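Undergrad: Pasted the sequence and its predicted model underneath.
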Amino acid sequence: MDLTSYAELAVLLVNSGDALDTPEGAKRLLAQAGRARQAGRLTRADLEILRELRRELAAVFAAAARGDEQEAVDRLNSLLARHPVRPQLSRHDGQRWHLHLTEGGHLPDEYAAGAVMGLTALVTELGVDRLGACQAAPCRRAYLDTSSNRSRRYCSERCASRANVAAYRARRRHLSGHRG
């Protein structure tokens, strides 16, 4: 089973910005995460729990981006202990039977268990260095590097382009400063 889509839940939450400031914003985030059916159960208390989960997941990505593998793994293990996975077979939207990691329970617990298990599977399969923070200043958005050559450094093509243009302009300024 490919758990990358579950790991993407963590990225989406870490990068959610002010979406968790209001129930409406959180519902849009949940719809983007493919969890619109669960959004109807969202409470104000759930928002605070999701904001705390966002802080904890951001700390995992930050540790990985710093190269602190042990801290990233310790944080993931702590999250796994607090958010146990309840696997369940599910069939919906015309799909075949497939595995869902969380069904039932409180919405933040479901989201957390899926996101944490997805990150954990990705780390065990590909390594901690596949969790990153965008290197385009000042972005720092989280991303998953699922490239075959471990080359991803930016959260999006937009940030990659912006960083490349900035580097090009810096080189040009440096070269023009040495000519005179």
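TA: Yes, it's here. Numbering: from 1, shown residues only.
Undergrad: Now the helix or strand hosting residue 173: buried residues?
TA: Taking DSSP states H and E as the criterion, residue 173 maps to helix 157-177. Using 16 or more other C-beta atoms under 10 Å as the test for burial, helix 157-177 gives 159, 160, 163. Quick note: C-beta positions are derived from backbone N, CA and C, even for glycine.
Undergrad: how about the nearest residue to the second one, chain neighbours excluded?
TA: When the adjacent residues along the chain are set aside, residue 160 lies closest to residue 154, with 4.0 Å between them (C-beta to C-beta, 6 or more residues apart in numbering).
Undergrad: Can you name the residues that contact residue 15?
TA: Residues in contact with residue 15 (C-beta atoms under 8 Å, 6 or more residues apart in numbering) are 141, 142, 155.
Undergrad: any idea how far it lies from residue 37?
TA: As judged by C-beta to C-beta, to the nearest Å, residue 15 and residue 37 stand 22 Å apart.
Undergrad: show me the biggest helix of this structure in terms of residues.
TA: helix 44-66 (DSSP state H).
Undergrad: average pLDDT across that one?
TA: The predicted model assigns helix 44-66 a mean pLDDT of 96.
Undergrad: buried ones in that helix?
TA: 46-47, 49-51, 53-54, 56-58, 60-65.
Undergrad: got a pLDDT number for residue 175?
TA: Confidence score, pLDDT, at residue 175: 84.
Undergrad: What distance do you get for it to residue 162?
TA: Counting by C-beta to C-beta, the gap from residue 175 to residue 162 is 21 Å.
Undergrad: repeat for residue 89
TA: In terms of C-beta to C-beta, residue 89 sits 44 Å off from residue 162.
Undergrad: With residue 149 instead?
TA: For residue 149, the distance to residue 162 - C-beta to C-beta - is 22 Å.
Undergrad: Sounds good, over and out.
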